[in-house]
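Peer 1: got a structure for you, letters missing:
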């Protein structure tokens, strides 16, 4: 884009709108973002060194007024974000330390008797071809997770599960990839969750340090390679969140008790190697 008679700004010098949104979410969760003081004309007043040469030839500063980084750097004076946007040379060390160790949340799986999450899709090869009898499938079309939340004892957390059925890498309906409507969401509803004593637990009433189990029977239509995402977040601040994504495989069942593992039937699809993101190919 022509910025002035002697200056051209290329898109590669800017952040994307998506990245700015992610950084805003990061700060909204109470986490720190540090910006070099050279992007500010007056770091003490947090005044951005603006370049607006197209309209004012005297404004030939560092930051293009139409850029995404300008939108980010301007947050230094925004009441919602200014306490978490630090400028070099003006850093409050105690505030920065507080932000770094601020309450967060993290999923930890119970590895005592396995991985704590559904059996991952894997296989062995023979002469470059996948051995169908070596493919690891989920038992009984049921996903089982054993996990706890690492976080603050004074907060409640919610857990959501998503299945990326079309393998596009987007879990529609998640906090990172909101769905535009209920029909679009890939969230699995009505999760069956229990605590260590077997008591039923609501999805939005999880507490830090407690072990939980999700036992979720999938519909028969869920077959093939199934990328999944387990997401937790603070119910009072959804910007405090964490997620884990992996993938598993489910066979096509002709009845509730069917288990034709030797056939490798994935509902009209055949297995291919992992380098294909979706892991599926139609016959």
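Peer 2: Cool, the structure landed. None of the values given here were measured: they were computed from a predicted structure. Numbering: from 1, shown residues only.
Peer 1: which ones are touching residue 157?
Peer 2: 105, 149, 151, 204, 206-208, 232-235 (Cβ atoms under 8 Å, 6 or more residues apart in numbering). Every residue, glycine included, has its C-beta placed from N, CA and C.
Peer 1: Can you say which of those residues are buried?
Peer 2: Listed as buried from the contacts of residue 157 are 105, 149, 151, 206-208, 232-234; burial here means 16 or more other Cβ atoms under 10 Å.
Peer 1: For residue 27, state which of these is nearest.
Peer 2: Closest approach between the buried ones among the contacts of residue 157 and residue 27, by Cβ to Cβ: residue 234, at 15.1 Å.
Peer 1: Show me what the closest one is bridged to.
Peer 2: Beta bridges link residue 234 to residue 157, residue 237, judged by DSSP bridges.
Peer 1: just to revisit the earlier point, as JSON lines, the buried ones among the contacts of residue 157 with pLDDT would be great.
Peer 2: As requested, the buried ones among the contacts of residue 157 are exported to JSON lines (pLDDT from 0 to 100):
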{"residue": "105", "pLDDT": "89"}
{"residue": "149", "pLDDT": "96"}
{"residue": "151", "pLDDT": "90"}
{"residue": "206", "pLDDT": "97"}
{"residue": "207", "pLDDT": "96"}
{"residue": "208", "pLDDT": "94"}
{"residue": "232", "pLDDT": "97"}
{"residue": "233", "pLDDT": "95"}
{"residue": "234", "pLDDT": "94"}
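Peer 1: Can you list which of those residues are found in strands?
Peer 2: Judged by DSSP state E, the buried ones among the contacts of residue 157 include 149, 206-207, 232-234 as members of strands.
Peer 1: From residue 221, how far off is residue 140?
Peer 2: Going from residue 140 to residue 221 by Cβ to Cβ, to the nearest Å gives 15 Å.
Peer 1: okay, the contacts of residue 157 in TSV with distance to residue 185 next?
Peer 2: What follows is the contacts of residue 157, written out as TSV (distance: Cβ to Cβ, whole Å):
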residue	distance to residue 185
105	22
149	23
151	25
204	17
206	21
207	26
208	27
232	17
233	16
234	21
235	19
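Peer 1: nearest to residue 47, of those?
Peer 2: Checking the contacts of residue 157 against residue 47 with Cβ to Cβ, the nearest one is residue 234 at 33.7 Å.
Peer 1: give me the beta-bridge partners of the nearest residue to residue 176 once chain neighbours are set aside?
Peer 2: Distances taken as Cβ to Cβ, 6 or more residues apart in numbering put residue 243 closest to residue 176, at 7.6 Å, once the chain neighbours are dropped. Counting by DSSP bridges, residue 243 is bridged to residue 231.
Peer 1: Can you list the low-confidence ranges for the protein?
Peer 2: Scanning the chain for pLDDT under 70 picks out 1-12, 52-59, 103, 179-183, 253-283.
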